[in-house]
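Student: Provide a 3D model corresponding to the input given below.
(one chain, ligands or ions: 1)
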Amino acid sequence: MDEMELTIRGMVQEGKGILAADESLPTLAKRFSQFGIESTEETRRSYRSLLFSTPGIEHYISGIILFEETLTQRDDHGRLLPEMLSSRGIVPGIKVDRGAVPLAGSPGDKITEGLDGLSLRLRTYKMQGARFAKWREVYAITEKNPSWIAIDANAEMLARYAAVCQEEGIVPIVEPEVLIDGDHSMERCLDVTEIVLHAVFHALYRHGIILECMVLKPSMVLPGKAFFPRAAPEKVAESTVRVLKRTVPAAVPSINFLSGGQGPEEATVNLNAMNALFRNPPWALSFSYGRALQSKALEAWGGKSENSNKMQAVFLERAQLNGLARRGEYRPEMEGA
Ligand code: 13P
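Tutor: Okay, the predicted model is just below:
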């Protein structure tokens, strides 16, 4: 428990959040291809090494979730990336799930794989420097989804994963993502999120998870991507915090949202609204963004080394603005200033 408490102290800090840079090979290839960048071991190393070595991000980023390949890659000075991060006070973590597949017997629902051999893998990752892990379950919203089977099965997977992590002294990030795809209303998203989180915390309780030594990574309560009008940040903040208060025990130290298809500014403005409206929530309300932190930086880089400085400047700005949103001190006029 002592080592997990130390990890939590590193991960959960005022004005800081987590960068999700754990895109799988196909996902990163997709993100790269938008800007005509080929995905090779070297371009992935080069991109992530640049991103992580951005001067100053340690003031806003307390942890980075890595993909397996990255654990053994080196920066341009030959330093292993996890070591370089630790030396700057950024806690390295590792995505351990193996992705989602269709859930048999429950059309439209998915279940995440990767439990087999997990404890052995965690021991290796720990030797390579990882101190926390991430596992994502996804829930699509349709008229019929998620089914009760999916809600229970996914919660069970998250709890089993978290139990294995804690047994190995690794802090689990528990990520139940209610997907933004579809034209459902915000009320429907709120209902689904509440049911999902209830099931997840019930399963975590049954599996004896130490709530003080985990981080929750949920989606925000939002209308579906194809639903108009879009919701005001205050409404997103109010609905999201309402559901979290009903479902997440105060013993959980931090809630770090995923961006889940929100644009960079949208993700920042919504997080800021939560911290501005709710001054003393029982848990920290922070970020663990992938796309919302990286998309502008990736675009600025475009796979060209001459753009390295520009890319790092763009990334630092995004990290800083989200650091401010974590304190409820962000204002849209700060963009580009
Ligand atoms: P996004 O912020 O791009 O949704 O990614 C977060 C993440 O880690 C998904 O598993």
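Student: going forward, measure contacts between C-alpha atoms and count neighbours the same way
Tutor: OK.
Student: Please list the residues of the stretch 51-200 of the chain that sit near the ligand.
Tutor: Contact residues (CA under 6 Å from any ligand atom) of the stretch 51-200 of the chain with the ligand: Arg136.
Student: which SS class is the residue in the stretch 51-200 of the chain that the ligand sits nearest to?
Tutor: Using CA to the nearest ligand atom, the single residue of the stretch 51-200 of the chain nearest to the ligand is Arg136, 5.7 Å away. Classification of Arg136 using DSSP: H, G, I helix; E, B strand; the rest coil returns strand.
Student: Mind listing what's buried along stretch 100-107?
Tutor: Buried residues in stretch 100-107, counted by 16 or more other CA atoms under 10 Å: 103, 106.
Student: roughly how far out does that stretch sit from the chain middle?
Tutor: 23 Å (CA atoms, centre = their mean, to the nearest Å).
Student: Give me the contact list for it.
Tutor: Here stretch 100-107 makes contact (CA atoms under 8 Å, 6 or more residues apart in numbering) with 108-113, 137-138, 147, 149-150.
Student: Columns pLDDT on top of these, output as CSV?
Tutor: Output for these, formatted as CSV (pLDDT from 0 to 100):
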residue, pLDDT
Gly108, 98
Asp109, 99
Lys110, 98
Ile111, 98
Thr112, 98
Glu113, 98
Glu137, 98
Val138, 98
Ser147, 98
Ile149, 98
Ala150, 98
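Student: From those residues, list just the buried residues.
Tutor: 108-113, 137-138, 147, 150.
Student: Okay, and which of the residues you listed map to helices?
Tutor: The helices, defined by DSSP state H, take in Ala150 from those.
Student: For stretch 241-254, measure first residue to last.
Tutor: Taking CA to CA, to the nearest Å, stretch 241-254 runs 13 Å from one end to the other.
Student: Buried residues, it. List them.
Tutor: Buried, per 16+ other CA under 10 Å, within stretch 241-254: 241, 243-244, 247-248, 252-254.
Student: ok, now stretch 225-234?
Tutor: Neighbour-count burial for stretch 225-234 [16+ other CA under 10 Å]: 225, 227, 231, 233-234.
Student: For the residue of the stretch 1-150 of the chain found nearest the ligand, list the residues it contacts.
Tutor: The stretch 1-150 of the chain approaches the ligand most closely through Ala20 (4.8 Å), counting by CA to the nearest ligand atom. Going by CA under 8 Å, 6+ apart, Ala20 touches 64-66, 288-290.
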